[in-house]
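>>> just the structure for this:
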Amino acid sequence: MPWLRTSSQPNGALIRWIVRAEDCSRILANTISRSTADRLRDI
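Numbers count the residues shown, from 1 in each chain. I've put the predicted structure just below:
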């Protein structure tokens, strides 16, 4: 995707921030689902 190669332009930082935010939310969702499963197992 050529629009990802915009590191010299301001929106390049924005794209990197969005990708990083998606990674963080995916990790957070995995952690929440895992802790919820552990809690259900404890009941």
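
>>> from the chain's centroid, how far away is the helix or strand Val19 falls within?
Val19 is part of helix 10-42, with elements assigned from DSSP states H and E. Centroid displacement of helix 10-42 relative to its chain, using CA atoms, centre = their mean, to the nearest Å, is 4 Å.

>>> how about that helix: buried residues?
Using 16 or more other CB atoms under 10 Å as the test for burial, helix 10-42 gives Ile15. In this view, the C-beta of every residue, glycine as well, is placed from N, C-alpha and C.

>>> tell me the average confidence for it?
Helix 10-42 shows a mean pLDDT of 89 in the predicted model.

>>> CA atoms of stretch 24-41 as CSV?
C-alpha atoms of stretch 24-41 as CSV (Å, rounded to 0.1, in the frame of the first residue of the first chain):
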residue,chain,number,x,y,z
CYS,A,24,-2.8,-1.9,22.1
SER,A,25,-6.6,-2.4,21.8
ARG,A,26,-6.1,-5.9,20.5
ILE,A,27,-3.7,-6.8,23.4
LEU,A,28,-6.1,-5.2,25.8
ALA,A,29,-9.1,-7.2,24.4
ASN,A,30,-7.1,-10.4,24.6
THR,A,31,-6.1,-9.7,28.2
ILE,A,32,-9.7,-8.8,29.2
SER,A,33,-11.2,-12.0,27.5
ARG,A,34,-8.5,-14.1,29.1
SER,A,35,-9.1,-12.7,32.6
THR,A,36,-12.9,-13.1,32.1
ALA,A,37,-12.4,-16.7,31.1
ASP,A,38,-10.3,-17.3,34.3
ARG,A,39,-13.0,-15.7,36.4
LEU,A,40,-15.7,-17.9,34.9
ARG,A,41,-13.5,-20.9,35.6
